[in-house]
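Chemist: I would like the atomic coordinates for the input below:
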Amino acid sequence: MNTFLEVNFVVCVFYVSLTKSESLSDPPGHLQPLGSHMAPEGQITTVSVDNIPPPEVFFQNHVLPGKPLLFRGAAKQMPAYSLWTDEYLR
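Modeler: The predicted structure follows:
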C-alpha cells in the first residue's frame, strides 16, 4: 500500500523599509533562527487525537483558544487514502 503525503507551502512576502546604511544583500535577521527576534512566550502543549472531532468541537476547543491539535492517522480516514494509488494518479 502506498502512502501519500500532502504538503502545503505558505509563502509570505515581507517588505522592509531600509535605511541608507542597510543593504538588501544582508536584511535584518538574515541567517538567524526563526523566532530569535523575541523571547519565548511559554511552553506549547499539543493534544493528539486518533479520530477527527466534529467541526464544532474542534472550533470551540482548539481554534478559538488557539490550542494546537495533532490528528494521528486522520489521513487514513479520508477517501483519498485508499483511492489515490499510483495507478489511479497515472
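
Chemist: only C-alpha atoms for contact and neighbour calcs from this point on.
Modeler: Will do.

Chemist: how about the helices of this protein, start to end?
Modeler: Secondary structure of the chain by DSSP state H: the helices cover 55-58, 79-83, 86-89.

Chemist: kindly reformat the ones you listed as CSV containing distance to Pro27, mean neighbour count and mean pLDDT.
Modeler: Formatted as CSV, those follow (distance: least, Cα to Cα, whole Å; neighbours: other Cα atoms under 10 Å; pLDDT from 0 to 100):
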stretch, distance to Pro27, mean neighbour count, mean pLDDT
helix 55-58, 39, 11, 94
helix 79-83, 42, 12, 90
helix 86-89, 42, 8, 91
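
Chemist: I'd like these as TSV, with distance to Lys67 appended.
Modeler: Below are the helices of the chain laid out as TSV (distance: least, Cα to Cα, whole Å):
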stretch	distance to Lys67
helix 55-58	10
helix 79-83	27
helix 86-89	36
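
Chemist: of all these, which lies closest to Pro33?
Modeler: Comparing the helices of the chain against Pro33 with Cα to Cα, the closest turns out to be helix 55-58 (31.3 Å).

Chemist: how about the helices of the chain, which one is nearest Met38?
Modeler: Nearest to Met38, of these and by Cα to Cα, is helix 55-58 at 29.5 Å.

Chemist: just the C-alpha atoms of the closest one, please, in CSV.
Modeler: C-alpha atoms of helix 55-58 as CSV (Å, rounded to 0.1, in the frame of the first residue of the first chain):
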residue,chain,number,x,y,z
PRO,A,55,-16.2,20.7,13.5
GLU,A,56,-18.0,22.5,16.4
VAL,A,57,-15.9,20.7,19.0
PHE,A,58,-12.7,21.4,17.1
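
Chemist: contact partners for Ala68?
Modeler: Slight slip there: residue 68 is Pro, not Ala. If you count contacts by Cα atoms under 8 Å, 6 or more residues apart in numbering, Pro68 has them with 45-47, 62.

Chemist: what about the spatially closest residue to Ala75 that is not a sequence neighbour, distance to Leu89?
Modeler: Leaving out its chain neighbours, the residue that sits closest to Ala75 by Cα to Cα, 6 or more residues apart in numbering is Tyr81, at 6.3 Å. Plainly put, Tyr81 is 12 Å away from Leu89 if you go by Cα to Cα, to the nearest Å.
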